[in-house]
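1. Using only what follows, build the 3D model:
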Amino acid sequence: MIVRSSVVAGRARRRPLVPTLGILALSALLLSGCSIGGDAPASPKPSASTEAPTEPAVLIPGGSAEENLPFFDQVNRATLAANPEALGREIIDGLVAAGFDKSTMQVGSDTTTLGRPVDALEFAVRWGDQCLLGQNGPTVGGYHSTVSPALNSGGCLVGSTRPIDW
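-> The predicted structure follows:
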């Protein structure tokens, strides 16, 4: 048993610590908002935003990269839904078909230097002084995107990219 000591009238007195721990545990339970017994809280009702269909995103030629990210995502998700194994060419072709300018795009290699499939494909569209960056692959948990400033080199992707000459 765990005990604690206190001095009372010059004599050491030992008291069990267990009741004190029980009081602390009960206090923590009550302070955390838990209750013993009683009704369970009602489940939340879905919000109107989850019930209403969302409008499809559109390309905004004069807009910012942030404003065009939803459209970039929509196009890439549609390409990947049609072909979960889509490689660089399919991704780029989907973006071009949606209205993005091919001359502003970069894409990484589909294979490693050993000829194996890459763990994650990276691709980008330069949009003014920013970049729409996309990545897809099993080791990164599927599709992800972000907006980032363009590199000083003028490109969007660090490292080797392959020509988009088709």
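
2. The closest residue to residue 162 other than its chain neighbours: neighbouring residues, count only.
-> In this structure, residue 162 finds its nearest non-sequential neighbour in residue 109, 5.5 Å apart by CB to CB, 6 or more residues apart in numbering. From N, CA and C alone the C-beta is placed, and that goes for glycine too. Neighbourhood size, residue 109 [other CB atoms under 10 Å]: 16.

3. who's in contact with residue 109?
-> Counting by CB atoms under 8 Å, 6 or more residues apart in numbering, residue 109 makes contact with 88, 118, 160, 161, 162.

4. go again using 7 Å as the cut-off
-> Shown in contact with residue 109 (CB atoms under 7 Å, 6 or more residues apart in numbering): 118, 160, 162.

5. Adding distance to residue 98, pLDDT and secondary structure, write those residues out as CSV.
-> Below are the contacts of residue 109 laid out as CSV (distance: CB to CB, whole Å; pLDDT from 0 to 100; DSSP: H, G, I helix; E, B strand; the rest coil):
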residue, distance to residue 98, pLDDT, secondary structure
118, 23, 94, coil
160, 26, 90, coil
162, 21, 94, coil
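
6. and the residue nearest to residue 162, what pLDDT?
-> Note for residue 109: predicted pLDDT of 96.

7. Starting from residue 128, give me the distance back to residue 137.
-> Residue 137 sits 27 Å away from residue 128, going by CB to CB, to the nearest Å.

8. Mind listing the residues bridging to the closest residue to residue 104 other than its chain neighbours?
-> Take residue 104 and drop its neighbours on the chain: the residue closest to it by CB to CB, 6+ apart is residue 126, 4.2 Å away. Beta bridges link residue 126 to residue 131 when assigned by DSSP bridges.

9. surely residue 157 meets residue 108?
-> Yes: at 6.4 Å, residue 157 counts as touching residue 108 under the criterion of CB atoms under 7 Å.

10. and for those two, which residues touch both?
-> Contact with both residue 157 and residue 108 is made by residues residue 122, according to CB under 7 Å, 6+ apart.
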